[in-house]
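> 3D model of this:
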Amino acid sequence: MFRGKNRRHRILTGLDIGTTKVCAIIGQADAEGNLTILGMGSCPSRGLKCGEISEIRPTIDAICRAVDQATEVANVAVGDVYVGIAGDHIQSMNSNAVVEIRHPARGIDDKDRRRAIQKASEVTLPEDMALIHSIVQEFRVSGGRATPNPMGLSGSSLEVYTHLVTSKVDSLNNVIRCVRRAGFRHPHVVLQSLASSMSVVTSHELELGCVLIDVGGGTTDVAISVEGAIRASREINLGGDRITRDIAEILPCALNHAENVKKRLGCALPEMVERGRTFQLPAMGDFNRACTHEEYLLAEIIEARLEDVFQIVRRFVDETGLRDRLHAGAILTGGTSLLQGITDVAERILDMKCRTGAPRGLKGFAPVVSSPIYSTGVGLILYGLDADLQAEGRQRGGVRRFLEYVVDNFT
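The predicted model follows:
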């Protein structure tokens, strides 16, 4: 185990296995906790559908190629691997539990904290589901006010409120199997919306209340945070790929041509497009013949599908009852968030202010990954660094409690 400052210099890798691409990002934190990006690699993904792995071999190949690119640039060996998971096989719920404090006079310690979290996590799940996260929302000591950190406080009971995230066992195992067969024995699995939140949402936005909307290729990942903690999350089985298919079906054309024109000319707001402006696409089945289409129609296709996505997000927000607490609005990220006019569509449907979020405050290869496309990959590294810092805190707390015990009993 790494200790002290050495832990802060450990190499971490974020592995974003998406429907359209596999991205590997290697990073390292300095002594002040600033993240330096050492290398990045990306490879087209052909083994996933709507966030779930449908073919093992192509997924393993894409992981290997992306990691090879990243390590060649970084010139370091891959450290701990944090891999994102998404898809409509993901489910979430909130849970709370209360435990008695065995030694109230000594104050709450890490064992009490962990007992409470463990009890809140002991929910009955279907046999085909597995718990992947138990995210702490807040604690209450002896029924008092909410606190994010109960350590050292005196009280007779400790109550914890958590957000539990579960995955279908088969889908989870497929992710782990692919990463292991690519050569990484002990991957840490992280919810993609949680990772993306860590890279693009500010601490002020988390505290004020916001909704993170990661519009990826195969899925849209949603996480609602209030008072610094995730209160609800949802996976939507729609993303940028569905827009591409709509373009290919309506115009019509091959999927690769639809994807290219979406990236090159795509706009989510028809009123931003000059009427009468046209573009050409190779005809389906006859690439030597070009068909002419209006950019306005392209924008209408994109807008209609994004409206579907944001309508689902709005219903989810309303169902949680948290709308009135989302004072910071919505943060859009993911590759599809680069579409011109998308924030206008989101603001109209969600009825709240919206902005586009990308990783910031990085060093090294920062310009390469400072795009919404890489929010999950960077966020996975930040998640790993945060886990390190929490582990360091518990370790220091254990040493402190041991010294206190020695002082109390042997002096």
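
> Report the contact partners of residue 366.
Residue 366 sits next to 37, 359 when contact means Cβ atoms under 8 Å, 6 or more residues apart in numbering. To be clear about C-beta, it is placed using only N, CA and C from the backbone, and glycine gets the same treatment.

> Phi first, then psi, for it.
Dihedral pair for residue 366: phi -50, psi -40, per degrees, to the nearest 10.

> Same question for residue 160.
Dihedral angles for residue 160 - degrees, to the nearest 10 - are phi -120, psi 140.

> Name all residues that make contact with it.
Taking Cβ under 8 Å, 6+ apart, we find residue 160 in contact with 96-97, 113, 116-117, 119-120, 136, 138-140.

> Which ones among those map onto strands?
The strands, defined by DSSP state E, take in 96-97, 136, 138-140 from the contacts of residue 160.

> How are the helices of the stretch 251-400 of the chain distributed by residue range?
Listed in chain order, the helices of the stretch 251-400 of the chain (DSSP state H, counting those that start in this stretch) span 255-265, 295-320, 342-350, 366-369, 375-410.

> which stretch in those has the least confidence?
For these, mean pLDDT drops lowest on helix 375-410, to a mean of 64.

> Skipping its backbone neighbours, what lies nearest residue 139 in space?
residue 150 (4.3 Å; Cβ to Cβ, 6 or more residues apart in numbering).

> ok, the one you found to residue 196 distance?
Per Cβ to Cβ, to the nearest Å, residue 150 is found 28 Å from residue 196.

> residue ranges with poor pLDDT in this protein?
Where the chain drops to pLDDT under 70, the residues are 1-9, 287, 388-411.

> Just the CA trace of stretch 258-266, in PDB.
As requested, C-alpha coordinates have been extracted for stretch 258-266 and formatted as PDB (Å, rounded to 0.1, in the frame of the first residue of the first chain):
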ATOM      1  CA  ALA A 258     -24.600  10.500 -41.300                       C
ATOM      2  CA  GLU A 259     -22.200  10.600 -38.400                       C
ATOM      3  CA  ASN A 260     -19.800  12.800 -40.400                       C
ATOM      4  CA  VAL A 261     -22.400  15.300 -41.400                       C
ATOM      5  CA  LYS A 262     -23.700  15.400 -37.800                       C
ATOM      6  CA  LYS A 263     -20.300  16.400 -36.500                       C
ATOM      7  CA  ARG A 264     -19.500  18.700 -39.400                       C
ATOM      8  CA  LEU A 265     -22.800  20.600 -39.800                       C
ATOM      9  CA  GLY A 266     -25.000  19.400 -36.900                       C
END
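
> residues making contact with that stretch?
Stretch 258-266 is contacted by residues 240, 243-245, 247-248, 251, 253, 279, 281, 295, 298-299, 302, 339-340 when judged by Cβ under 8 Å, 6+ apart.

> ok, now stretch 74-82?
Stretch 74-82 is touched from outside by 10-15, 26, 38-39, 67, 70-71, 179, 184, 186-188, 190, 195, 380-381, 383-384, with contacts defined as Cβ under 8 Å, 6+ apart.

> are any of the residues you listed buried, and which?
For the contacts of stretch 74-82, a neighbour count by 16 or more other Cβ atoms under 10 Å gives the buried set as 11-15, 26, 38-39, 67, 70-71, 179, 184, 187-188, 190, 195, 380-381, 383-384.

> neighbours of residue 355, just the number please.
With neighbours defined by other Cβ atoms under 10 Å, the count for residue 355 comes to 17.

> any idea how far it is from residue 313?
Computed as Cβ to Cβ, the residue 355 to residue 313 distance reads 15 Å.

> do residue 203 as well
Counting by Cβ to Cβ, the gap from residue 203 to residue 313 is 23 Å.

> Residue 245 too?
From residue 245 to residue 313 the distance is 20 Å (Cβ to Cβ).

> Between these two, which has more neighbouring residues?
residue 313 (22 against 14).

> what's the domain layout of this structure?
Domain assignment for the chain by automatic domain parsing gives 91-166, 202-356.

> how about those in a markdown table, adding distance to residue 54?
Below are the domains of the chain laid out as a markdown table (distance: least, Cβ to Cβ, whole Å):
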| stretch | distance to residue 54 |
| --- | --- |
| domain 91-166 | 18 |
| domain 202-356 | 10 |
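
> Please name whichever of these is nearest to residue 45.
Closest approach to residue 45 among those (Cβ to Cβ): domain 202-356, 8.0 Å.

> Now do that closest one: distance from first to last residue.
End-to-end distance of domain 202-356 (Cα to Cα, to the nearest Å): 12 Å.

> still on that earlier bit, of all pairs in the contacts of residue 160, which one spans the longest distance?
Greatest spacing in the contacts of residue 160, by Cβ to Cβ: 119 and 138 (15.4 Å).

> Now which of the ones in strands among the contacts of residue 160 would you call buried?
Buried by 16+ other Cβ under 10 Å: 97, 136, 138-140, out of those.
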